[in-house]
Structure formats: structure tokens, C-alpha cells
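Student: Sharing a model that was predicted from the sequence below.
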Amino acid sequence: MKVLVVDEDADSRERIREALATREGFTVVEASSAVEGFTAGQELGEVDVLITAALMAPQDGFHLRTGLRALYPDLRVAFVSRTDLKRHLAKVEGDMIFYKPVDTEALGAWLDGATVGEVEEGDFLEEEAKREAGGVEEAGEGVGSQEAVLEVEVGALENAELGDYELGEVVSFSNRAETYHAIQRSVKRKVALTVLRPEFVEHRPTAVEEFLEEVRAKAAVVQAHIAPVFEAHEDEKAIYYTHELIAGTALDQLMGGGARLNEAVFVGLIRDVADAFEYLRERKIQYSELEARHVFLTGDQQGRLANIADAGRQPDERSETEQIRAFASMIAPLVDLDGEKSELAGKLLYLMGHEKDREVNGSWAQLRQAAEGVTKGDAGDEAGGLPDMAAKVRRARKRRETVRKVLMGVMVGIPVLGVLLLIVFVNRSEGPDAKPFDTMIRIPVGSFPYQDGLERVELEAFWIDEHEVSIGQYAEFLRALGDEDTGVYDHVDQPEEKKDHIPLKWDEMYAAARRGKTFEGQPIDLNCPVVLVDWWDAYAYARWKGRRLPTEKEWEKAARGREGLIYPWGNEFDPARLNSGRDYDPESLDGSGGELDGYVFWAPVDAIAGDSGPYGVIGQAGNVSEWTASWDYHPAYPDRMVPVKRGGSFLARDQLEANIRRPANSAEERGVSLGFRTASSERPED
């Protein structure tokens, strides 16, 4: 029997290993983290039993079990823990729990197939709480440690009302506080609401003062990549604060499912996190130790950091270099170092963790500069100081030039017919031909119930594209520009440093689409929506076409019609009628999905006819989100005006209603799930 034991606690592993060493027919393999455990499990080729710590960083035992059970469906699993797993019982899903120190006799009986009664953790918790409290009393405080285990009710405020907020389900909780999904009724904004536990206040007299001091520290943070605090409130009913409910996937969830990020996204994540920490360091804001659960990757592939500003309760006192090295170790499983497009990402990761080299990991500011250099593809001195980067780029260019010359030489030396055949072979497209998608649909004059429907909005007649702009259409735009001065179509406020309208990774995307191959690991062709375009690109394309971007109100009327439908097709949700994230599993090992709508990522813009509005506009509920002409104040940063995106996408699991607004982080935002369509106030030419 092959047994895999995974635990950060070496003493716990040793206790289990020694117990199993006395048993015949057992092969025991150890690992100190979920990442090591998954690798070891793959190398074993067969695992009968997994004994794993439930709560580990950066990935927990629950995600490890998910990954290994995908390989070994009959895997038996036992979780071990030093703390109460009562709040995690839904994740345990009927597997065994042993509390530390593990009762090895009970463990052996379970391995032999005996039915072992549920572990009664009450005695352990009571003993642990007394031990913690006793230690503090000896220190002279006499109030008990804030780490002591308290008997608390989880989710007691679900569906309750606190001031302007309606509370939903619990997001996370601890002895000290609980965080809920909530809706701020006055502005219909989804937020996270963290409330201080009254039991903890009774346990620790200074709890309120410490809680509010921490909230003030978090509220002082105003940075693009850090979740903001909105407001705090204290009354006789509760003490709480609200903050951004980050729309993304935490890194511990991504890594637990074996996810891999392509080079651009991986380096962009490093850049965004480094930018956040550079801000905190420059302003001398204390912060707690970074964990994988604090870092999120949004649907638009942007890095976002939970607000870990701390008023001194648990500050991370390590040097910046030590913090960066720990971050490198944390995110290493997310990059495919054997991938074709991971050379620079791998080099950056190596330098982040290097013990002696301080070119990159000397400070968060240096790391941010290095990542920006990689992101921009800059091979010069501004490439963040990555050694030999310029030489690597020069060698790559030289190789491409050599290949081109050899190909031309071969062509000159073969018969004319052979030349023609070679040209046809090199340039042929294996994918479907690009469709024109020239149809625009007239939306008639009249009113409709905008947003919540309390007020009907009157609009003049206008025309809007039947489909989202495709890769084939955008390629025509770039060919038309050629070497022209693109300023002809630029928005008057476009940043000076933006010199063209070539989407991010365009060469790779277009080549794959033209041949019907894969991009970002997913099938793509010329009829799929163009993505990785920022707002300035979308504006310029529309102007080149003699059109414009639709306003928010125009976009919504086209999607909802005169009656103000919840979804373009009606008021009942049907996941088979749109390309959404409802059938995409970010924790799957192979990126599987598409069972409901047939696509994991993007679909050709005309592929799902069911996603059609009352006027016949296609793809407004799903596929990709879309830029609009409208700008508004960013909800987290009231001093910042940003463009507004509308519509769901293949990454969106919820908020797919046609009245949902999505403010961008900036006009420069780009994402694999973000595209656009055009509109016009005049009848388009036939």
C-alpha cells in the first residue's frame, strides 16, 4: 500500500511515519507542502492513501486531495489538524479527520478498514483554549490569548441587516471576526463586510480599539492594486467595516487546482503585486505577512491584493528581499517553466529567489521595474536589470533572420512551380475563412427601463453591430493603418506613450487564429472576438470604421429592449444560451469545461445564436465583455474616471444580468475576456 504523508509539521510527519514503519506492506512517501505532495503523487504512479494537513499555505490539503483524486479516483484521504475543522466540514466531504497529536492506533485501525468513530474535538479545544489563556495569564494580562480557540457560532448574521447593508453568506471567519458577502442597498453595490465578534470583545477588552485602529490603517491605503476600505461603523448592534469584494480567484485556489499561467499573465501578476508593496513601503505602512489567499487574479488577468495593511498587530518584519524570496516560492507552481513562452518568466522567478543577486529582489521597487521591463518586451537597459536579456533578444532576432534568408535561398533554387507551392503552403490558413460581420442592427427610437427600472430613459434611434468585432475584422484595421500616422484615429486624450493600436500578443494571436490553432491553450480562429485591446484601441477602430463605441445606455437598450429584460433572451437564466464561466472549473488540472455552452474560453462571435437580444444583437450576455463609450468614477477611487465595460464573458460565473456595470481599472486595461463592438447614429452604408 502506497501512503503519501503531507504536512508542514515535521514532527507530525515523523510520528505518522514511525507508526507506519511497524506495519508490513506499506510504502510511505513524505512531502512538506501541497505542491511537493502533488509532484510526489504523480511520480509514484499510484497512491492508495493520502494523509495530509488540512490547513497549509500557500495551498491547503483540500486542493491537494482534488488534484490527486483526479489521478487516483479510489484514493482514501485523512486530514490531520491542530485546530478545529468544524467550519471546514463541507470541504472535508466525509473523509476522515485526526486531530494532533494523531492517535496512531486509531489511524492504524482506519488504514485497516475499520470504522473509526468521529473524533470528538471538544475536549481538545477546551484544553487548547485553557493552555493559551493560561500562558497569557502568566504574562500578566489575565485575559487570554487572541489566538485561543473560542466557541463561536459561524454565520449568525447571514441574511441579517446592518445599517445600509444586507448580509449574505459567510466568506471567511476566525475567532476574531467574520466576513460576509453583502449588498449596500442605497447604491446597489456588492461589498465584503467584516464584523468583529462580540465573543472576542468579551474575551479581549482591547479588541474594539485594536479592530478600529486596523481599519483606519487599511482605509488610508489608496492604490490601484489593493482592495480599498469603504467605511466603518460602530453602534450597539455591531462593529464592522466594508471593503471591496474582489472579483477574482485567489492564488491558493489556482495552485491547488494545478493551474498554470502563461508568461504575460504571470509576469503581470508579479508586477501588480510588487507595485502594491512598493506603495506600502514608500508610505511606511505596516502590513501583515503575505499569503497566497491574499493575492487574486481577476477575470481580466490583473493582479489584485487584499488589503493587508496592519496597525502593528502582526506586522511582517522581514526584509524586502526575504519577502520577495518568499513570494517567489509561493508563486513558483503557477508558471510552466517547460513552456515555450516561459523563458523570461523563469529567469525573473529565479532572480526573485536568488540568495546573493540583488538586482531584482533587493526591493519591491526593483522587482516592479524588472517585471515592467519584461511586460513591455524591452530588451534595453530598462528591462529591469535582467542579465543577458538584450543578448537573448538579439540572438532570437538573428535566428529568425537566418531562417528567413535560408528560406529565400531555397525558394530561389527550386523550380517556379515549387516556389508557388511553397508560398501556398507557408501562407495557407487551416482555419475557417474570416466572415465579414458587416451587419448593423437598428435600435428604434423610444424609452426603456434603464438599470433598476425606476426611470425610463428615452433614446434616439441608433445602429449597433450584430456581433462583437472579430480578429479578422481587426486585422483589416491594422493592415489599413500600415505605416500611417495612427494619430488620425486616436482619441484626443490618448497617452503620448501609446504609439500604436496593436493588441497585446497580437502576432501570436493572429497567427493561431489564421491557422485555426490554439492561443492561450484554447482553440481560436479569425471569427473569434478580438481581445487584449485597451479602450484607446477600441475607440480608434470604431473611428476608422466611421463609427463610434456605444454608450452604456445604448448597449443596455440593445440587450434588454423596451421591456427591460433581465437577460437578452428573457427573464429566466439559461446557461446553455451563452458562453459564460458557469462551466469552467479553475481548479481542474486540465482546464476542462464547456459542458454547458460548448466552449472553455472564447467562441466565434456568431457561434451561440441563443445569446440574442430582442432586436437580434448577438453575444451581449457572454463570450467577452465589451468596452463602451461611457466613463464614470471608479467606485473604489472616487477621484478617478474610467471607461465602463458591459456584458458578461466566458470567465464570468455570476453577475450576468444585462444591467450589470463593470468599471475598468483604467483605459489601458486589457484582458483575454475583453473585446468590443461599434455603434453609429447614422444608417451604415450598404
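Tutor: Cool, the structure landed. Keep in mind the model is a prediction, meaning the values are calculated, not measured. Residues are numbered from 1 along each chain as shown.

Student: Any idea how many residues pack against residue 45?
Tutor: 9 (other Cβ atoms under 10 Å). Every C-beta, even on glycine, is put in place using the N, C-alpha and C of the backbone.

Student: swap in residue 375?
Tutor: 17.

Student: Can I take it that it is in a helix?
Tutor: Yes. Under DSSP: H, G, I helix; E, B strand; the rest coil, residue 375 falls within a helix.

Student: Hmm, it is touching residue 267, no?
Tutor: Yes. At 5.5 Å, residue 375 and residue 267 qualify as touching, with contact defined as Cβ atoms under 8 Å.

Student: Residue 248 versus the residue most central in space within the chain, what's the distance?
Tutor: In the chain, the centroid-proximal residue (Cα atoms, centre = their mean) is residue 297; its distance is 2.3 Å. Using Cβ to Cβ, to the nearest Å, residue 297 is found at 5 Å from residue 248.

Student: Can you pull the residues that touch both of those two?
Tutor: Common contacts of residue 297 and residue 248 (Cβ atoms under 8 Å, 6 or more residues apart in numbering): residue 304.

Student: what about residue 90, which helix or strand?
Tutor: helix 89-92 (DSSP states H and E).

Student: List the buried residues of the very next helix or strand once past that helix.
Tutor: From helix 89-92 onward toward the C-terminus, using DSSP H and E, the following helix or strand is strand 96-99. Using 16 or more other Cβ atoms under 10 Å as the test for burial, strand 96-99 gives 96-99.

Student: Strand 96-99 pairs with which strands?
Tutor: Sheet pairing for strand 96-99, assigned by DSSP bridges, gives strand 76-81 (parallel).

Student: Tell me how far the partner strand lies from the chain's centre.
Tutor: Relative to its parent chain, strand 76-81 has a centroid offset of 29 Å by Cα atoms, centre = their mean, to the nearest Å.

Student: tell me which residues in that strand are buried?
Tutor: So, applying 16+ other Cβ under 10 Å, buried residues of strand 76-81: 76-81.

Student: what does stretch 174-191 give?
Tutor: 175-184, 189, 191.

Student: Just the mean pLDDT for that stretch, thanks.
Tutor: The average pLDDT within stretch 174-191 is 88.

Student: partner strands of the helix or strand residue 30 falls within, parallel or antiparallel?
Tutor: Per DSSP H and E, residue 30 falls inside strand 27-31. Paired with strand 27-31 in the same sheet, following DSSP bridges, are strand 2-6 (parallel).

Student: Quick check: buried residues in the partner strand?
Tutor: Neighbour count says strand 2-6 has 2-6 buried, by 16+ other Cβ under 10 Å.

Student: got a list of contacts for that strand?
Tutor: By Cβ under 8 Å, 6+ apart, strand 2-6 touches 13, 16-17, 20, 26-34, 36-37, 40-41, 44, 46-53, 56, 61, 64, 68, 111.

Student: can you give me how far that strand is from the chain middle?
Tutor: The answer for strand 2-6 is 31 Å, by Cα atoms, centre = their mean.

Student: Going C-terminal from that strand, what's the next secondary structure element?
Tutor: Counting by DSSP H and E, what follows strand 2-6 is helix 10-21.

Student: Sort out which residues of the strand holding residue 30 are buried, please.
Tutor: Buried-residue list, strand 27-31, by 16+ other Cβ under 10 Å: 28-31.

Student: outside of that strand, which residues touch it?
Tutor: 1-6, 13, 16-17, 20-21, 37, 39-40, 44.

Student: now with 6 Å?
Tutor: 2-6, 13, 17, 20, 37, 40 (Cβ atoms under 6 Å, 6 or more residues apart in numbering).

Student: Can you give the distance of it from its chain's centre?
Tutor: Worked out by Cα atoms, centre = their mean, strand 27-31 lies 33 Å from the chain centre.
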